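Enquirer: Fold the following, please.
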Amino acid sequence: MSLKTPFILPCGLELPNRIAKAAMTEGLAEPGGVAGEHIERAYRTWTEGGVGLMLTGNIMVDARFRERPANVVVDGTQDEQAREGLRRFAAASKSGGALGIAQISHAGRQSPKAVAAEPVGPSAVAMKMPGGLFGKPRALDENEILDVVRRFSISAGELCNCGFDGIQVHAAHGYLVSEFLNPLANKRADRWGGSLENRARLLIEIVRAVREAIGPGKALTVKLNSSDFQKGGFSFDDCLRVVGMLEAEGIDLLEISGGNYEQPRMLGFDGLEPVFEKKVRESTRAREAYFMGYAEEVIKSARTPLMVTGGFRTRSAMEAAVDDGVAVIGIGRPLCLDPRAAGKLLSGELDELPAPERHFRLGPGWLGPHSSNDLVKAANGFAAMSFFYRNIIRLGDGKRTRRRMNLWRALIAHQLRERADAKRSVAAD
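Expert: Reported below is the predicted structural model:
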């Protein structure tokens, strides 16, 4: 099937084609978490590149627990000037004809120390990561959990009132909702922990509250891990059961991803192999799309339209996935290199998405003679992420993106920017 084929979501909204800009953290908010000209400029550039669905990056429902200092925050305290920024953000996201979906999230224990010295989670279980970037979380109490549900509802309503076509609830990648699903992070013995039904309660309550806030004519989507890829964590069997729960709630689109900060399989670069262990066809798609095997199993048991993000690089692999029942193909990092790549795929100008040309990987010696392999791997991951962060910032500044960067300099520049953003955020708050 052609990627140019439109798709109608259950709520009645129509996607003009099957390519989505996947959610990517931007770090482009103005002080105070306000959407301003930088994020508007980046999204106008992306949507004019031809995607059919535009997903924003993390819009935080609680300013105290952001994923990055310069996330956009929508928590119901916005004044009219901030709402005007959201209206311009929404309009920019849809200016090329795409549907604009706002992703809303709570960072939970993955809120860095620069934002939250004491983050929160379902339980007081610390992140197992080198470098001391995250503080030990405290467990949320019952009233705070209910407040999280309320915040998701308020954020969803505000964003749709400002012009977005719908909402994506972020329940993947180790953020708060994902933490509740993960038995390694959720050690609770009350109605929010223990059985999968209890661990999924926060997600289901949020989905219900968001639907009530946005109404039936807006798109309600969820991003869910296929697995956390941690022994004893959220498994693919758990995923299939949660998919059934979400289908019963009548969501409009489900995006399948995987991993978290401790096991970042959603990144898929620098040697991370495809992670679906079952037998798959020897095809370009099987090599590219590292969550496609999971998606095939979900399609067998669920009627909810499915979006798959992660690793797609060729038009042939994307079209094969659509032929196999995937409704929407999500692409992310290639759009940081060429924001018009989707349109080029659709027109036939490109058969394969662009890839970065990096100067080098950070070697084992750069952290000193006694650095561990885990620390080196983490540094390489952060450096590679910094490459894409820097290009998103260039888009926000109205500059051309780059396919080639010195990773060491990109990493340093990113860390300096994050520190400066953290100081501005503290001053604004």
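Enquirer: Quick one: classify the closest residue to A410 other than its chain neighbours as helix, strand or coil.
Expert: Here the nearest residue to A410 in space, its sequence neighbours aside, is S386; by CB to CB, 6 or more residues apart in numbering that works out to 4.2 Å. Yep, even glycine has a C-beta here, placed from its N, CA and C like the rest. For S386, the assignment made with DSSP: H, G, I helix; E, B strand; the rest coil gives helix.
Enquirer: show me what contacts S386?
Expert: Applying CB atoms under 8 Å, 6 or more residues apart in numbering to S386 gives the contacts 407, 410-411, 413-415.
Enquirer: try it again with 6 Å
Expert: Counting by CB atoms under 6 Å, 6 or more residues apart in numbering, S386 touches 410-411, 414.
Enquirer: Could you report the separation of it from G96?
Expert: Relative to G96, S386 is positioned 28 Å away (criterion: CB to CB, to the nearest Å).
Enquirer: next one: V177
Expert: Applying CB to CB, one obtains 30 Å for the distance of V177 from G96.
Enquirer: which one of the two has more residues nearby?
Expert: Relative neighbour count places V177 above the other of V177 and G96, with 27 against 20, counting by other CB atoms under 10 Å.
Enquirer: could you show me where the helices are in the stretch 301-429 of the chain, in order?
Expert: Assigned by DSSP state H, counting those that start in this stretch, the helices in the stretch 301-429 of the chain fall at 315-323, 334-337, 341-347, 373-396, 407-428.
Enquirer: Buried deepest among those, which one?
Expert: Between those, the one whose residues have the most neighbours on average, counting mean count of other CB atoms under 10 Å, is helix 334-337 (a mean of 22).
Enquirer: where does this protein dip in pLDDT?
Expert: Per-residue confidence for the chain (pLDDT under 70) gives these ranges: 129-131, 228, 258-290, 358-379, 426, 429.
Enquirer: Show the contacting residues for S111.
Expert: Neighbours of S111 in contact, by CB under 6 Å, 6+ apart: 65, 119.
Enquirer: Tell me both backbone torsions, phi and psi, for it.
Expert: Phi and psi for S111, reported as degrees, to the nearest 10, are phi -80, psi 120.
Enquirer: Against D252, how distant is L9?
Expert: Taking CB to CB as the criterion, L9 is separated from D252 by 4 Å.
Enquirer: so can I have TSV of the contacts of S386 showing distance to R333?
Expert: Formatted as TSV, the entries for these read as follows, by distance: CB to CB, whole Å:
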residue	distance to R333
A410	14
L411	16
H414	15
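Enquirer: Going by distance to A422, which of those residues wins?
Expert: When the contacts of S386 are ranked by distance to A422 (CB to CB), H414 comes first, at 12.6 Å.
Enquirer: which residue packs closest to the closest one, ignoring adjacent ones?
Expert: With CB to CB, 6+ apart as the measure, S386 is the residue that lies nearest to H414, at 3.8 Å, once sequence neighbours are left out.
Enquirer: what's the neighbour count on A171?
Expert: Burial of A171 is recorded as 27 neighbouring residues (other CB under 10 Å).
Enquirer: Actually, K399.
Expert: Neighbours around K399, by other CB under 10 Å: 11.
Enquirer: Ramachandran angles for it?
Expert: For K399, the backbone dihedrals are phi -100, psi 160 (criterion: degrees, to the nearest 10).
Enquirer: if I look at it, how far off is A355?
Expert: As judged by CB to CB, K399 and A355 stand 20 Å apart.
Enquirer: ok, now F388?
Expert: Distance from F388 to A355, counting by CB to CB: 12 Å.
Enquirer: what do you get for S2?
Expert: To A355, S2 is 24 Å away according to CB to CB.
Enquirer: what kind of secondary structure is H170 in?
Expert: Three-state secondary structure (criterion: three-state DSSP) places H170 in strand.
Enquirer: I101 against G163, yeah?
Expert: No: I101 sits out of contact with G163 when judged by CB atoms under 6 Å, with a separation of 11.6 Å.
Enquirer: closest to I19 out of the helices of the stretch 301-429 of the chain?
Expert: When the helices of the stretch 301-429 of the chain are compared for distance to I19 using CB to CB, the nearest one is helix 341-347, at 4.6 Å.
Enquirer: Can I get that closest one as CSV, trimmed to CA atoms?
Expert: In CSV, the C-alpha atoms belonging to helix 341-347 read as follows (Å, rounded to 0.1, in the frame of the first residue of the first chain):
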residue,chain,number,x,y,z
ALA,A,341,12.4,14.0,4.2
ALA,A,342,8.9,12.7,4.6
GLY,A,343,7.7,14.7,1.6
LYS,A,344,10.6,13.4,-0.5
LEU,A,345,9.7,9.8,0.4
LEU,A,346,6.1,10.4,-0.6
SER,A,347,7.0,12.0,-3.9
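Enquirer: can you give me the offset of the one helix or strand A20 maps to from its chain's centre?
Expert: For A20, the element it lies in under DSSP states H and E is strand 19-21. Strand 19-21 has its average C-alpha position 13 Å from the chain's average C-alpha position, going by CA atoms, centre = their mean, to the nearest Å.
Enquirer: Can you tell me how far the closest residue to G36 other than its chain neighbours is from V125?
Expert: Distances taken as CB to CB, 6+ apart put E30 closest to G36, at 4.0 Å, once the chain neighbours are dropped. Applying CB to CB, the value for E30 to V125 is 34 Å.
Enquirer: residue contacts, E48?
Expert: G96.
Enquirer: ranges for the helices of the stretch 51-200 of the chain?
Expert: Secondary structure of the stretch 51-200 of the chain (DSSP H, counting those that start in this stretch): helices located at 80-94, 142-161, 176-181, 196-199.
Enquirer: now those helices in TSV, with distance to R333?
Expert: Listed next are these as TSV, based on distance: least, CB to CB, whole Å:
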stretch	distance to R333
helix 80-94	19
helix 142-161	25
helix 176-181	21
helix 196-199	31
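Enquirer: so which of the ones you listed comes closest to L346?
Expert: Each of the helices of the stretch 51-200 of the chain was scored for nearness to L346 using CB to CB, and the closest is helix 80-94 (17.4 Å).
Enquirer: Now that closest one: buried residues?
Expert: By neighbour count on 16 or more other CB atoms under 10 Å, the buried set for helix 80-94 is 82-83, 85-94.
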